[in-house]
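Asks: Mind looking at a prediction? Sequence and model below.
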Amino acid sequence: MTVEAPHRCPVPRPNPEVLVSQKKASLRTRLLGLVVSLQSRLRDDEDRQRGDIPGWVLITIMTAGLVSVLYGVARDQLSTILTNALNSVTKG
């Protein structure tokens, strides 16, 4: 009595051209995702920078106010210091 081996179905082999087009599509999808990610990060950075403008304005105004107050209080002393410094440079 002989036993026959079971019949095996051949495994279909993918077409090389199909594999290449699938790899290109995958690469395109990854690149598109990268571009979208970078664009969203750039937009987020722009929004954060716009929010900093009022802070810089406040710092500038406070600095100008502080300088005005210090000059009002110590005007004579600052004038003397500046005059002495300039005289030492011009005579020297």
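Replies: Structure's in. What do you need?

Asks: what element comes up after the lowest-mean-pLDDT helix or strand in the chain heading to the C-terminus?
Replies: Lowest by mean pLDDT, DSSP states H and E among the helices and strands of the chain is helix 16-73, with a mean of 79. Next along the chain after helix 16-73, taking DSSP states H and E as the criterion, comes helix 75-91.

Asks: List the buried residues of that next one.
Replies: Within helix 75-91, no residue qualifies as buried by neighbour count (16 or more other C-beta atoms under 10 Å). The C-beta positions use only the backbone N, C-alpha and C, and glycine is treated the same way.

Asks: Show me the contact partners of that helix.
Replies: Residues outside helix 75-91 that contact it (C-beta atoms under 8 Å, 6 or more residues apart in numbering): Y71.

Asks: what's the offset of that helix from the middle of its chain?
Replies: With C-alpha atoms, centre = their mean, to the nearest Å as the basis, helix 75-91 stands 46 Å off its chain's centre.

Asks: per-residue confidence averaged over it?
Replies: On average, the pLDDT along helix 75-91 is 92.

Asks: Now do that helix against helix 16-73, angle only.
Replies: 100 degrees (axes from the mean of the first three to the mean of the last three C-alpha atoms, to 10 degrees).

Asks: start the count at 19, not 1, going forward
Replies: Sounds good: first residue 19 from here, last item helix 93-109.

Asks: how about helix 93-109 as PDB, C-alpha atoms only?
Replies: C-alpha atoms of helix 93-109 as PDB (Å, rounded to 0.1, in the frame of the first residue of the first chain):
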ATOM      1  CA  ARG A  93      19.900 113.400  39.300                       C
ATOM      2  CA  ASP A  94      22.600 115.400  40.900                       C
ATOM      3  CA  GLN A  95      24.800 112.500  41.900                       C
ATOM      4  CA  LEU A  96      24.500 110.900  38.400                       C
ATOM      5  CA  SER A  97      25.400 114.300  36.800                       C
ATOM      6  CA  THR A  98      28.500 114.600  39.000                       C
ATOM      7  CA  ILE A  99      29.600 111.000  38.300                       C
ATOM      8  CA  LEU A 100      29.200 111.600  34.500                       C
ATOM      9  CA  THR A 101      31.000 114.900  34.600                       C
ATOM     10  CA  ASN A 102      33.900 113.500  36.500                       C
ATOM     11  CA  ALA A 103      34.200 110.500  34.200                       C
ATOM     12  CA  LEU A 104      34.200 112.700  31.000                       C
ATOM     13  CA  ASN A 105      36.700 115.200  32.500                       C
ATOM     14  CA  SER A 106      39.100 112.300  33.400                       C
ATOM     15  CA  VAL A 107      38.900 111.000  29.800                       C
ATOM     16  CA  THR A 108      39.300 114.400  28.100                       C
ATOM     17  CA  LYS A 109      42.200 115.600  30.400                       C
END
